[in-house]
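Engineer: Just need the structure, nothing else, for what follows:
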Amino acid sequence: MTAAGMSQPNRPNAAALPGASRQGALVRPVAETVTAQSESPSQLAVRRFRENRVAMVALVAFVLICSMSVATPMVEKWAGRTATEQNLDGTIKLDGKQVEVVDLKGMPAVGPGIRSEYAMGADGLGRDVFVRAVAGGSVSLRVGLGATAICILLGTLMGLVGGYFGGRIDKVLTYIVDVMIAFPFMLFAIALSAAIATSGKIGPISASSILVPMCMLGVLSSFGFSRIMRSNAKELGSMEYVEAARALGADDRRIMFVHLLPHLVPTIITYSGILLAGMILGEAGLSFLGVGVTPPTPSWGNLIADGRAFYSTAWWIAGAGGLFVMATVLCANLIGEGLEEAFDQKGGR
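Structural biologist: Numbering: from 1, shown residues only. A predicted model of the protein is given here:
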């Protein structure tokens, strides 16, 4: 019998082995577990955030809104007019007819449409609503981001000092925080804005500067944020590594800013998106009431305020500002929730 004709010994197929499918199914979870254990906490958080599709879509949308706001000069060039340029007696060609931008009664006559001129319609002064919404985004986002940075800086400092030292220092800071939180935020902001507007400036800052609502929102919101930082700092201050650092001769400043503060960074990042959403809403509310960003500087809040007189006839004026506020705040909240899930040490969602 030739070698080709010799019968080969029956060898069991690996796929047919009992328990092979079970072992193959266990390979991937084990590999994923080993990979997760080999990652640092920051790498693990980044991977979790990237796996969150909702948060990633919100991040892309938020970046697009920010990019559009930064590119305001290009948008103005594309539209052919600036955010503050009025056009009370001009006309525009719509459906083959020349239509007045603002009619003889002073009512906006051009609504939204797919065109370079007045893509979101015109307001009562003949200004391009889309250009004003984009330009207002650059102002509102600057106020929101600046106020968020001030809130995080002051809130972290107060919470870190109170939570670490405890005793009388903690009690004094707690009393101050309780009083400021109990006081109505919007009422205090309106009163402070009115006082600044009467005096014309507060120190070197002019009453019409965007630094006024930025500082008000950041400072007043920092008291609530300091409570979160205080509870975290108080818990971290009782850890063994802090006692070890103190036994090795580290002073209080080094322990707070070298040993405690890095462990507070995940909490700060987690709350940053939610804080930003609140700051944007706060700026819109102040500007709507006339005590935030002052005209002619556009912002989403005063864009909504401009449309109060035209709710029934020219809804697009207030609608444009409201749409941008809603989209930005929704994206910021979804990003904040995604960061919270990503930095969740228990890995739960």
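Engineer: Need the single longest helix in the chain, by residues.
Structural biologist: If you go by DSSP state H, the chain has its longest helix at helix 129-165.
Engineer: same for that helix, what does it pack against?
Structural biologist: helix 53-70, helix 72-79, helix 167-182, helix 211-237, helix 261-288, helix 300-306, helix 316-342 (3 or more Cβ pairs under 8 Å, 6 or more residues apart in numbering; DSSP states H and E). Where you see a C-beta, it was placed from the backbone N, CA and C, and this is true even at glycine.
Engineer: what's next to the second one, contact-wise?
Structural biologist: Read that as helix 72-79. Residues outside helix 72-79 that contact it (Cβ atoms under 8 Å, 6 or more residues apart in numbering): 68, 82-83, 116-119, 128, 130-131, 134-135, 137-138.
Engineer: now swap in the third one and tell me
Structural biologist: Here helix 167-182 makes contact (Cβ under 8 Å, 6+ apart) with 158, 161-163, 220, 223-224, 226-227, 230.
Engineer: one more time with 7 Å
Structural biologist: Applying Cβ atoms under 7 Å, 6 or more residues apart in numbering, the contact partners of helix 167-182 are 158, 161-162, 223-224, 226-227.
Engineer: For the helix or strand just after it, the averaged confidence score.
Structural biologist: Remark: after helix 167-182, the chain's next helix or strand is helix 185-199, criterion DSSP states H and E. Across helix 185-199, pLDDT averages out at 76.
Engineer: Point out where this protein drops to low pLDDT.
Structural biologist: 1-37, 197, 200, 202-203, 207, 345-349 (pLDDT under 70).
Engineer: about what we covered before: could the contacts of helix 72-79 be laid out in JSON lines, adding neighbour count and distance to residue 173?
Structural biologist: Shown next, in JSON lines, are the contacts of helix 72-79 (neighbours: other Cβ atoms under 10 Å; distance: Cβ to Cβ, whole Å):
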{"residue": "68", "neighbour count": "16", "distance to residue 173": "41"}
{"residue": "82", "neighbour count": "17", "distance to residue 173": "47"}
{"residue": "83", "neighbour count": "24", "distance to residue 173": "43"}
{"residue": "116", "neighbour count": "10", "distance to residue 173": "55"}
{"residue": "117", "neighbour count": "20", "distance to residue 173": "55"}
{"residue": "118", "neighbour count": "27", "distance to residue 173": "52"}
{"residue": "119", "neighbour count": "19", "distance to residue 173": "50"}
{"residue": "128", "neighbour count": "29", "distance to residue 173": "48"}
{"residue": "130", "neighbour count": "21", "distance to residue 173": "46"}
{"residue": "131", "neighbour count": "25", "distance to residue 173": "46"}
{"residue": "134", "neighbour count": "26", "distance to residue 173": "42"}
{"residue": "135", "neighbour count": "23", "distance to residue 173": "40"}
{"residue": "137", "neighbour count": "25", "distance to residue 173": "36"}
{"residue": "138", "neighbour count": "18", "distance to residue 173": "36"}
